[in-house]
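*Asks:* here is a sequence together with a model predicted from it:
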Amino acid sequence: MRLFPWWSLCFPLLALLLLGANSALHFNGPALLLLIFALGGTVFSAVHYAEVIAHKVGEPFGTLVLAVAVTVIEVALIVSVLISDGAENGAVARDTIFSAIMIVCTGVVGLCVAVGAGRHMEQGLNVKGSAGALSVLMALSVLTLVLPDFTASPGPTFNIHQLEFVGVVSLVLYAIFVFVQTVRHRDYFLTENSGSEAHHPPPPTGQALAALGVLILCLVAVVALAKSLSPTVEAFVEQSGAPKSVVGLVIAGFVLLPESLAALRAALRDKLQTSLNLAFGSVIASIGLTIPVVAAVSIWMGRPLTLGLDQKEIVLLVLTLLLSMMTVQTGRTTILQGALHLTVFAVFLFFAVVP
């Protein structure tokens, strides 16, 4: 495997050049296709360098690097929106987190299971690691997205003290999960199959650090491109009459592209546990790192932070979490579980557009 193929360096550079040109010229119409082309190529570049780093540090550290890197940049994007016009976008964190949960746990997991089963009939996973990750995800999801609807505060919000407490709890839960995943019970998150990559020696440390730098550059470019495309998405959503939350759904989809593609490629290589590490790890990081930061920003700026979901979204969230737990509890997956997850994903998309 070539560590630095020419295309993997050209796409992020092209993306940054187009971003500079777009800020000066304000692309519209066919010119936006260049941004989309650069976005797709940069996603492939990010996945390539994530796999290089994963091969160097081993699992589950490799999946953790990509999940944390994407989440940190996602948090920066959310905070920038809150600071710029937080009064109008008090629900941006909620919409982004909920969209990430549904996209990953139904769309990404469903596609990985279905595609993997289509090639390998059945795939194995480590029940201890996957069930543990889902337990953490359940706790974080309910505490941050459901509990605000049942507090004494007016509206689906926490008061200052509740927000501080939930922010600390989210960060502590994430820290414990990372400790368990990487130190205490690392074997729970390892795949059964070593794959052909085991025959290739890991890259030298210097090249791995260079790959990490290019990965961060790619992820910054992906998020910046998603943000630059958001006005076009907002205009399209407004013209179509769809809810404003669809904008957060589209942006979350763009941000999750690198992890989603990496998870799909792992499933095709019969490494479903790696796919689940990426999927569940990214959502846990999204909640565990986003909530403390946006809570601090909300308290510092004195702006309300809407976190509670409505009844329809709570139903979809509960259904998704229960289905995910049932999928991993046997340790084997078939195309049936993949079809169920993708069906719920289709329902989520439909009701997001037609509430």
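*Replies:* Yes, it's here. Numbers count the residues shown, from 1 in each chain.
*Asks:* in which helix or strand would I find residue 316?
*Replies:* helix 311-328 (DSSP states H and E).
*Asks:* and for that helix, what's in contact with it?
*Replies:* 98, 101-102, 105-106, 109, 113, 125, 127, 130-131, 134, 137-138, 141, 145-146, 149, 276, 309, 333, 337, 340-341, 344, 347-348, 351, 355 (C-beta atoms under 8 Å, 6 or more residues apart in numbering). C-beta coordinates here come from the backbone N, C-alpha and C atoms, glycine included.
*Asks:* stretch 3-18 now?
*Replies:* With C-beta under 8 Å, 6+ apart as the criterion, stretch 3-18 contacts 27, 34-35, 38-39, 41-42, 44-45, 48-49, 52, 203, 207, 210-211, 214, 217-218, 221-222, 224-225.
*Asks:* among those, which are in helices?
*Replies:* Secondary structure from DSSP state H places 34-35, 38-39, 41-42, 44-45, 48-49, 52, 207, 210-211, 214, 217-218, 221-222, 224-225 of the contacts of stretch 3-18 in helices.
*Asks:* ok, of the residues you listed, which come out buried?
*Replies:* 34-35, 38-39, 41-42, 45, 48-49, 52, 210-211, 214, 217-218, 221-222, 224-225 (16 or more other C-beta atoms under 10 Å).
*Asks:* weed out the non-buried ones from the contacts of helix 311-328.
*Replies:* 98, 101-102, 105-106, 109, 113, 125, 130-131, 134, 137-138, 141, 145-146, 149, 276, 309, 333, 337, 340-341, 344, 348.
*Asks:* of the residues you listed, which belong to helices?
*Replies:* 98, 101-102, 109, 113, 130-131, 134, 137-138, 141, 276, 337, 340-341, 344, 348.
*Asks:* tally of neighbours for residue 202?
*Replies:* Around residue 202 there are 15 other residues, counting by other C-beta atoms under 10 Å.
*Asks:* wait, doesn't it sit right on residue 55?
*Replies:* Yes - with contact defined as C-beta atoms under 8 Å, residue 202 counts as touching residue 55 (5.4 Å).
*Asks:* from the chain's centroid, how far away is stretch 222-231?
*Replies:* 16 Å (C-alpha atoms, centre = their mean, to the nearest Å).
*Asks:* which residues sit against it?
*Replies:* 15, 18-19, 22-23, 32, 35-36, 38-39, 42-43, 46, 73-74, 76-77, 80, 247, 250-251, 254-255, 257-258.
*Asks:* model confidence over stretch 315-322, on average?
*Replies:* What stretch 315-322 shows for mean pLDDT is 95.
*Asks:* no no, stretch 283-303
*Replies:* 86.
*Asks:* list the buried ones in that stretch?
*Replies:* Those would be 283-295, 297-298, for stretch 283-303 by 16+ other C-beta under 10 Å.
*Asks:* what are the phi and psi values for the residue lying closest to residue 168 once chain neighbours are set aside?
*Replies:* In this structure, residue 168 finds its nearest non-sequential neighbour in residue 292, 7.1 Å apart by C-beta to C-beta, 6 or more residues apart in numbering. As for residue 292, its main-chain torsions (degrees, to the nearest 10) stand at phi -60, psi -40.
*Asks:* residue 292 touches residue 171, doesn't it?
*Replies:* Yes - assessed by C-beta under 8 Å, residue 292 is found in contact with residue 171 at 4.5 Å.
*Asks:* what comes into contact with stretch 256-265?
*Replies:* Contacts for stretch 256-265 (C-beta under 8 Å, 6+ apart): 39, 43-44, 46-47, 50-51, 63, 66-67, 70, 100, 103-104, 107-108, 111-112, 115, 218-219, 222, 274-276, 278-279, 282.
*Asks:* ChimeraX command for the buried members of those residues?
*Replies:* Here is the ChimeraX command that picks out the buried ones among the contacts of stretch 256-265, judged by 16+ other C-beta under 10 Å:
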select :39,43,46,47,50,51,63,66,67,70,100,103,104,107,108,111,112,115,218,219,222,274,275,276,278,279,282
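*Asks:* so for stretch 211-221, mean pLDDT?
*Replies:* 84.
*Asks:* I meant stretch 327-335, not that one.
*Replies:* 89.
*Asks:* and residue 298, which of the three is it?
*Replies:* Put simply, residue 298 is helix when judged by DSSP: H, G, I helix; E, B strand; the rest coil.
*Asks:* which non-adjacent residue is nearest it?
*Replies:* Closest to residue 298 by C-beta to C-beta, 6+ apart is residue 305, at 4.0 Å.
*Asks:* please apply the same query to residue 114.
*Replies:* residue 338 (2.8 Å).
*Asks:* buried residues, the helix holding residue 316. List them.
*Replies:* 313, 314, 316, 317, 320, 321, 323, 324, 327, 328.
*Asks:* now swap in stretch 115-129 and tell me
*Replies:* By neighbour count with 16+ other C-beta under 10 Å, stretch 115-129 contains the buried residues 115, 116, 117, 120, 123, 124, 125, 126, 129.
*Asks:* distance from the chain centre to it, please.
*Replies:* Chain-centre distance of stretch 115-129: 21 Å, with C-alpha atoms, centre = their mean.
*Asks:* contacts for that stretch?
*Replies:* Contacts of stretch 115-129 (C-beta under 8 Å, 6+ apart): 113, 181, 185, 188-192, 264, 267-268, 270, 272-273, 275-277, 328-335, 337-338.
*Asks:* are any of these buried, and which?
*Replies:* 113, 181, 188-191, 264, 267, 270, 272-273, 275-277, 328, 333-334, 337-338.
*Asks:* residues contacting residue 44?
*Replies:* Taking C-beta under 8 Å, 6+ apart, one finds 7, 8, 11, 261 in contact with residue 44.
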